[in-house]
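Novice: one predicted model, sequence on top.
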Amino acid sequence: MTDKVRRPAPPYPEQHQPPPGQTGRMQPIPDHGEQSYRGNGRLAGKVALITGADSGIGKAVAIAFAREGADVLISYLSEWEDAADTAKWVEKAGQKAVVVPGDIKSEDHCKDLVRRTVDELGRIDILVNNAAFQRTYADIADIPMEEWDETFRTNVYAPFFLAKAAIPHMKAGGAIINTTSIQSRQPSYHLLAYASTKGAISNFTAGLAEMVADRGIRVNAVAPGPIWTPLIPSTMSSEKVAKFGQQTLIGRAGQPAELAGAYVLLASDLGSYMTGAVVPVTGGEIMI
């Protein structure tokens, strides 16, 4: 391991920030592969639309895709400083970046994201449905109906909206990659809404893969375990944040950069015989 690769182990500093959270306020700062990811041209000439690409896993995937030769539309909600930083890294890799804020709970916005990808970058080859909404509750009675609905609209409806809009523009060889979670198989009670959506995403992945197989489009998912992103200090107690990820076999939270390779695999010809799959990147937490 070199000094360019950051893999800190807990305990982490106790911290909390209001949702959706900002990367710059986290201690330690997540590693998105800024100094470590090396591309090999595996996505040369491709165009990708990535939701939640301002921070966390989406940011790491955007950096990796750009270094593999893809232009990227960076979809984000409102964290413009983080999104601008992602665009900087994409452009530093010699690729085009289009940065679009907005709420993917809206079908019209999802249609506009696809339209802008095609209009401004010329095509769409890869769709990464990564953005997610998460909150924690100890009692079902405390979960507001509006928040349950927001979780499903962000985590399940938006991938449906985006896939429906993108597929007519995708050619054979195209790839859709959904971010599910270990929560789809090992749900935590305090993440009831989030875990429920992740189970739905896994099933959506399998069904859509079968639906579009005859078009030559592959649909897969990545299932992260505990990953160090702004979602963590903005949705968990300071005490839980300090111990985040220590239950894994590796003994720490994963860094966003450690997910990037799985997305590159599924987006590129390296994964040409993979569809309907869920790839676990969980630090050793078992998904069977």
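Specialist: Thanks, I have it.
Novice: secondary structure of residue 279: a helix, I assume?
Specialist: No - assigned with DSSP: H, G, I helix; E, B strand; the rest coil, residue 279 falls outside any helix and is strand.
Novice: list the beta-bridge partners for it.
Specialist: Per DSSP bridges, the residues bridged to residue 279 are residue 222.
Novice: these two touch, right, it and residue 220?
Specialist: Yes - the criterion here is CB atoms under 8 Å, and residue 279 meets it with residue 220 at 6.8 Å. Every C-beta, even on glycine, is put in place using the N, C-alpha and C of the backbone.
Novice: which neighbours do these two have in common?
Specialist: Both residue 279 and residue 220 are contacted by residue 266, under the criterion CB atoms under 8 Å, 6 or more residues apart in numbering.
Novice: quick one: which of the two has more around it?
Specialist: Neighbours per residue, other CB atoms under 10 Å: of residue 279 and residue 220, the larger number sits with residue 220, 25 against 21.
Novice: in the stretch 1-150 of the chain, where is pLDDT below threshold?
Specialist: Applying pLDDT under 70 to the stretch 1-150 of the chain picks out residues 1-4.
Novice: now the helices for it?
Specialist: Applying DSSP state H, counting those that start in this stretch to the stretch 1-150 of the chain gives helices spanning 56-67, 80-92, 107-121, 145-152.
Novice: from the middle of its chain, how far away would the longest one be?
Specialist: Yep, that's helix 107-121 we're talking about. 18 Å (CA atoms, centre = their mean, to the nearest Å).
Novice: could you do the second one as well?
Specialist: Computed by CA atoms, centre = their mean, the separation of helix 80-92 from the middle of its chain amounts to 16 Å.
Novice: that helix to helix 56-67, inter-axis angle?
Specialist: Using axes from the mean of the first three to the mean of the last three CA atoms, to 10 degrees, the inter-axis angle of helix 80-92 relative to helix 56-67 is 20 degrees.
Novice: contact partners of stretch 22-31?
Specialist: Stretch 22-31 has contacts (CB under 8 Å, 6+ apart) with 5-8, 12-13, 15, 17, 55-56, 59, 79, 81-82, 85, 228-230, 233, 255-257.
Novice: cool, stretch 155-168 as well?
Specialist: The contact list for stretch 155-168, computed with CB under 8 Å, 6+ apart, reads 49, 51, 104-105, 107, 110-111, 113-115, 117, 124, 127, 129, 131-133, 174, 176, 178, 194, 197-198, 200-201, 204, 208, 212, 215, 217, 219.
Novice: was I right about residue 131 contacting residue 75?
Specialist: Yes - between residue 131 and residue 75 there is a contact at 6.9 Å, judged by CB under 8 Å.
Novice: neighbour count winner among the two?
Specialist: More neighbours surround residue 75 than the other of residue 131 and residue 75, with 31 against 26 (other CB under 10 Å).
Novice: shared neighbours, residue 131 and residue 75?
Specialist: Common neighbours of residue 131 and residue 75, counting by CB under 8 Å, 6+ apart, are 51-52, 104.
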